[in-house]
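Chemist: using only what follows, build the 3D model:
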Amino acid sequence: MATLGRSGLMAAKGGEKVATNSAKASPRAGDWIKARGVHGQAPHRGEILEVLGREGHEHYRVRWDEEHESIAYPADGVTVTPRTSRRGS
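Modeler: Presented below is the predicted three-dimensional model:
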């Protein structure tokens, strides 16, 4: 499970911290989410499986490329790419 702390960092599985960035669009299941890595680490990329919470307080169940699932809360460093714009990637 990933959680957002007061520091603006998202703690993901294994305790690693990922800086996060608020997404401007309304993400949906099937969209891609990318969380910027910290201290030169590669970014984390995953598919949004489910949008949780209510409007203005959304968070996402994500299947990461590292083949695990967690709950991610948007903040600085996170970008969402709609499903339709990932064709050909």
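Chemist: show me what contacts residue 49?
Modeler: 29, 60, 61, 62, 63, 69 (C-beta atoms under 8 Å, 6 or more residues apart in numbering). Heads up, the C-betas are built off the backbone N, CA and C, glycines and all.
Chemist: what helix or strand does it sit in?
Modeler: Take DSSP states H and E as the rule and residue 49 turns out to sit in strand 44-52.
Chemist: and the helix or strand following that strand, C-alpha only, in PDB?
Modeler: As assigned by DSSP H and E, the chain's next helix or strand after strand 44-52 is strand 59-64. Output in PDB follows, covering the C-alpha atoms of strand 59-64 (Å, rounded to 0.1, in the frame of the first residue of the first chain):
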ATOM      1  CA  HIS A  59      -6.900   7.600  -4.800                       C
ATOM      2  CA  TYR A  60      -6.100   4.700  -7.000                       C
ATOM      3  CA  ARG A  61      -5.600   0.900  -6.900                       C
ATOM      4  CA  VAL A  62      -2.600   0.500  -9.200                       C
ATOM      5  CA  ARG A  63      -0.800  -2.600 -10.700                       C
ATOM      6  CA  TRP A  64       2.800  -1.400 -11.000                       C
END
